[in-house]
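Student: prediction below, plus the sequence it came from.
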Amino acid sequence: MIKLNDKYFKPFLREEQILAAVEKVANEIARDYKDEVPIFVGVLNGAFMFVSDFLKAYPHPCQVSFVRLSSYQGLTSTGIVETLLDIPQEIDGKSVIILEDVVDTGRTLKQLVHLFSQTNVKEFKIATLFYKSEVYNGEYAIDYVGMEIPDNFIVGYGLDYNELGRNLREVYQINQADMINLVLFGKPGAGKGTQAGVLKEKYNLKHISTGDVFRYNIKNGTNLGKLAKSYIDKGDLVPDEVTVDMLKAEVEKNPDAAGFIFDGFPRTAAQAEALDNFLDSKDMKVNATIALEADDDILVARLLERGKSSGRSDDQDEGKIRNRFDEYNQKTAPLKAYYEKQGKFHSVNGIGEIKEITERLSKVIEAL
Ligand code: AMP
């Protein structure tokens with residue numbers, strides 16, 4: 001384990017594995033370009049080590065140049081891609097092969113394709129040492145791939161975390177072992193949102209409320225919002241596939257989170273399984289599922305009271321509220337057994353002062 005800035009990283013790829021991937025790319029390109037002199041364009045800063053080893057492995061005449069773009073700040077992709085170094089002179093009529101250290105969402109790539117679309121190159125190809133196929137949503141084919149890797153934050157072999165780690169010969173991945181991921185469980189009105197708001201501050205966690213994300217999308221008239229609205233208005237659950245994809249996207253937006261509070265998710269067996277598989281693929285897990293328990297009659301009264309000020313139509317009609325309870329009893333309540341089987345289920349009394357309830361939850365969290 002190594003520490004860079006404030007985070008711990010554990011070994012992921014050994015030097016031999018990396019060099020084998022570099023050689024694979026070099027051999028494939030050499031086979032395709034042996035009869036001409038291509039220009040390799042390295043994408044700075046991350047690709048400098050890859051470019052260096054790549055050129056040593058490339059057996060035919062070639063030229064090399066660099067461009068510099070920037071899209072990462074800290075651990076999150078900010079979405080802003082700037083060009084800091086222009087494309088090389090005299091590339092018209094030549095075959096250009098981009099050398100990228102890693103392709104993830106494809107945002108940087110889009111910018112590169114745009115940059116080179118204004119030139120008269122003979123051919124434009126993309127080679128990347130590492131490829132996160134799970135998160136790539138670009139439209140351009142990646143022509144040469146060294147190796148596919150899961151979507152974990154990595155450093156080393158040219159890649160950095162806040163500028164540290166570029167000089168490492170091996171690749172490391174972020175260590176998620178000290179993350180805390182909680183599922184807050186309970187019927188509508190049990191106080192999940194209120195408690196999540198307190199706990200996220202207390203334990204520095206990222207709060208994801210699927211209900212809030214849906215309402216945000218409805219308010220902004222997005223496609224997701226339009227799709228979810230009809231279900232939510234009736235108090236029915238939104239289909240699993242839609243909800244699961246949305247949840248994943250919310251987690252992906254926060255690669256530097258110290259942990260998550262999932263509020264209102266999972267609500268079905270399929271969602272619980274999808275969450276486990278998804279977290280597992282990121283070397284993460286649910287540490288505990290904590291249920292807030294309260295009687296239906298108290299919950300109905302709470303929701304009707306909330307409905308007066310929240311503007312939520314699903315809180316203003318007892319029929320819709322009872323339908324949400326039915327959905328809960330049929331689809332969500334069975335998850336108790338799912339988490340009990342994993343030894344992760346805890347329940348606390350959800351009746352009392354907000355502070356008291358926070359204390360009950362904290363006791364469970366601190367015992368983890
Ligand atoms: P909430 O704010 O958690 O009470 O959620 C409000 C509504 O959003 C629910 O009644 C559902 O229609 C929808 N919703 C929220 N989370 C989920 C989920 N995990 N699966 C399906 N539907 C959900």
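Tutor: Thanks, I have it. Numbers count the residues shown, from 1 in each chain.
Student: what helix or strand is the residue of the chain found nearest the ligand located in?
Tutor: Among all residues of the chain, residue 211 sits closest to the ligand, at 2.0 Å; criterion: CB to the nearest ligand atom. For the C-beta atoms, the positions are set from N, CA and C on the backbone; glycine is no exception. Counting by DSSP states H and E, the element that carries residue 211 is helix 210-219.
Student: so is the residue lying closest to residue 120 once chain neighbours are set aside in a helix, a strand, or just coil?
Tutor: Beyond its immediate neighbours in the sequence, the residue positioned closest to residue 120 (CB to CB, 6 or more residues apart in numbering) is residue 92, lying 4.3 Å away. Classification of residue 92 using DSSP: H, G, I helix; E, B strand; the rest coil returns coil.
Student: would you mind measuring from residue 92 to residue 121?
Tutor: Computed with CB to CB, to the nearest Å, the distance linking residue 92 and residue 121 is 7 Å.
Student: which stretches in the stretch 151-300 of the chain count as helices?
Tutor: Secondary structure of the stretch 151-300 of the chain by DSSP state H, counting those that start in this stretch: the helices cover 192-203, 210-219, 223-234, 240-252, 269-281, 296-310.
Student: residue boundaries of the strands in the stretch 1-150 of the chain?
Tutor: In the stretch 1-150 of the chain, the segments counted as strands under DSSP state E, counting those that start in this stretch are 2-4, 7-13, 39-44, 63-73, 76-85, 95-103, 123-131, 144-148.
Student: rank those strands by mean pLDDT and give me the bottom one.
Tutor: Ranked by mean pLDDT, those end with strand 76-85 at the bottom, a mean of 54.
Student: residues in contact with residue 175?
Tutor: 1, 7, 8, 9, 10 (CB atoms under 8 Å, 6 or more residues apart in numbering).
Student: so what's residue 210 scoring on pLDDT?
Tutor: Confidence at residue 210, expressed as pLDDT, is 97.
Student: ok now do it, which residues does it touch?
Tutor: By CB under 8 Å, 6+ apart, the contact set of residue 210 is 243, 246, 247, 262, 263, 264, 265, 267.
Student: so residue 111 sits against residue 69, correct?
Tutor: Yes. Between residue 111 and residue 69 there is a contact at 5.9 Å, judged by CB atoms under 8 Å.
Student: for the chain, longest helix please?
Tutor: With DSSP state H setting the assignment, residue counts place helix 15-33 as the longest helix in the chain.
Student: what is the mean pLDDT for that helix?
Tutor: Mean pLDDT, computed over helix 15-33, is 98.
Student: touching that helix from outside, list them.
Tutor: 38, 50, 53-54, 57-60, 62, 95, 97, 127, 129-130, 144-147, 157, 169-171.
Student: can you check stretch 157-171 too?
Tutor: Contacting residues not belonging to stretch 157-171 are listed as 2, 4-5, 7, 9, 11-15, 18, 45-50, 74-75, 101-102, 130, 153-156, 172 [CB under 8 Å, 6+ apart].
Student: one more time with 6 Å, if that's ok
Tutor: For stretch 157-171, contacts defined as CB atoms under 6 Å, 6 or more residues apart in numbering pick out 4-5, 12-15, 18, 46, 48-50, 74, 101, 154-156.
Student: ok, stretch 260-269 next?
Tutor: For stretch 260-269, contacts defined as CB under 6 Å, 6+ apart pick out 181-184, 192-193, 196, 199-200, 205-211, 237, 240, 247, 272, 275, 331-332.
Student: 7 Å instead?
Tutor: Around stretch 260-269, the neighbours that count as contacts under CB atoms under 7 Å, 6 or more residues apart in numbering are 181-184, 192-193, 196, 199-200, 205-211, 237, 240, 243, 247, 251, 271-272, 275, 331-332, 334-335, 338.
Student: how many residues are close by the nearest residue to residue 284 once chain neighbours are set aside?
Tutor: Distance criterion CB to CB, 6+ apart; nearest residue to residue 284, sequence neighbours excluded, is residue 176 at 4.8 Å. Burial of residue 176, expressed as a neighbour count using other CB atoms under 10 Å, amounts to 19.
Student: equivalent analysis for residue 178, please.
Tutor: Residue 178 is flanked by 9 other residues according to other CB under 10 Å.
Student: beta partners of the nearest residue to it once chain neighbours are set aside?
Tutor: Sequence neighbours aside, residue 8 is the residue nearest to residue 178 in space, at 7.5 Å (criterion: CB to CB, 6+ apart). Bridge pairing for residue 8 (DSSP bridges) gives the partners residue 3.
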